[in-house]
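Q: Below are the sequence and a predicted model; questions follow.
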Amino acid sequence: MVIPTEDGSGRAPYAPLVTLGEPDLEALARGCAIFGGGGGGDPTLGYVMAREAIRRHGPVTVVDLDELPDDGLVLPVAMVGAPTVIEEKIPNGSEGGRIQAIYERHLGQPVVALAAAELGGIEGMLPVAWAAHAGLPLADCDLMGRAFPEIHMCTPTLHGLPIGPVVVTDERGNVATFTSVDAAWAERLVRPTCAAMGSCASLAIFPMTAVRARAVAVRGSVSRAVRLGRRLEAEAGDPLAVLAAELGAVRLIEGKVADVERWTTEGFARGSAVIEGFGEDAGRLLRLEFQNENLLALLDGEVVASVPDVITILDQHGAGAVVSERLRYGQRVSVVAFPCHPAWRTAAGLQLVGPRAWGYDLDYVPVERLHATHG
């Protein structure tokens, strides 16, 4: 089964990129921050790494999966760990090449393209840097269409594809390889290893042929992020209108961050934030709960958005998305939510990443339906 897109096909209805050069990186970072939904890590570090790699090695070719040989090996890569740690424990740039070499030895064939395991935050930028260093193309796809905090929360899991072997490495050169009975077990094994590596590491998951990736990946996501970032820059005065037009986003509240509670544990940044409304939202309170990514939004005690839909906080001064680890008291923000990729609204998708998967005793209701109900 092909993962559907908004137009019902396997391919995304966006003009595809041909290359990613330095002028494209700000737009990509802006788009990745929006799709991250508070998680995925601050894309600023990824932007700097990608920029320096492109300056050294030249632009990265972006390819549609149809352009790759059927049996070509596509390698989705990412970072794993707490975004609060990633800000200070910076990759040294050698991780991607080390991971690639291990897979090529283990699987006995060359990697023909890298891909982003998830679209959000730094995770959408890091594969650009690694592709530039390796001289490889970047596949125009990812495995989430957003960001999720656990490594098995990917579209290939919905199809029962093996997640491994999973290769994890840190900036010191430590390497661990896992072969697990299923994707959920890979998460259980990788997470404590990541904690031992300092709660921040690099990895690759779901190595697969291009023909298999065509059926399970979220296609066109890199082009989509760049398109969104460019439009946000061009229409900087009204980002909410851009997000509504591009993503079907709805505004949940405009206000001030009145309280943030955040802690780092088990390789995650967990916590909650309270937004105190002003203007037309005066007197209203929005509570956000997050585990790296924003999971649940309650307006005056009523659910107005929940995972797997994407909940994003925008800084009203810079109009950029605010990641969970950078939320601060007193920030003036707008909170929006928009529909997730259709794969996550299936029964299998909701079982994996719906509200009950996070311990919330509530059924998922699409954000557009909740908005119609609550106005």
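A: Structure's in. What do you need?
Q: Check which strands are paired with the longest strand along the chain and give the direction for each one.
A: Ranked by number of residues, the top strand in the chain under DSSP state E is strand 250-265. Sheet pairing of strand 250-265 (DSSP bridges) gives strand 268-277 (antiparallel), strand 332-338 (antiparallel).
Q: Figure out which of those is closest to Leu28.
A: strand 332-338 (18.3 Å; C-beta to C-beta). Bear in mind the C-beta positions are built from the backbone N, C-alpha and C, glycine included.
Q: Where does the prediction get shaky in the stretch 201-350 of the chain?
A: For the stretch 201-350 of the chain, the stretches with pLDDT under 70 are 265-269, 318-319.
Q: Could you list the domains of this structure?
A: Taking automatic domain parsing as the domain assignment, the ranges for the chain are 19-225, 236-374.
Q: Pull the number of nearby residues for the closest residue to Asp309 other than its chain neighbours.
A: Among residues not flanking Asp309 along the chain, Val367 sits closest, at 4.4 Å (C-beta to C-beta, 6 or more residues apart in numbering). By the measure other C-beta atoms under 10 Å, the count of residues near Val367 is 26.
Q: cool, His152 as well?
A: Counted with other C-beta under 10 Å, His152 comes out at 22.
Q: Okay, it and Gln291: tell me how far apart.
A: Per C-beta to C-beta, to the nearest Å, His152 is found 14 Å from Gln291.
Q: Mean neighbour count, the domains of the chain: which tops it?
A: Of all the domains of the chain, domain 19-225 carries the top mean neighbour count, a mean of 22, counting by mean count of other C-beta atoms under 10 Å.
Q: and the end-to-end length of it?
A: End-to-end distance for domain 19-225: 14 Å, by C-alpha to C-alpha, to the nearest Å.
Q: and Leu20, what does it touch?
A: Contacts here follow C-beta atoms under 8 Å, 6 or more residues apart in numbering; on that basis Leu20 touches 28, 50, 54, 59-60, 62, 128, 138, 222, 226.
Q: quick one, phi/psi of it?
A: phi -120, psi 110 (degrees, to the nearest 10).
Q: Without its sequence neighbours, what residue ends up closest to it?
A: Residue nearest to Leu20 in three dimensions, not counting chain neighbours: Val60, with 4.5 Å by C-beta to C-beta, 6+ apart.
Q: surely that neighbour meets His133?
A: No. Using C-beta atoms under 8 Å, Val60 makes no contact with His133, being 9.8 Å away.
Q: sorry, back to before: and the residue nearest to Leu20, how far from Ala129?
A: Distance of Val60 to Ala129, computed by C-beta to C-beta: 9 Å.
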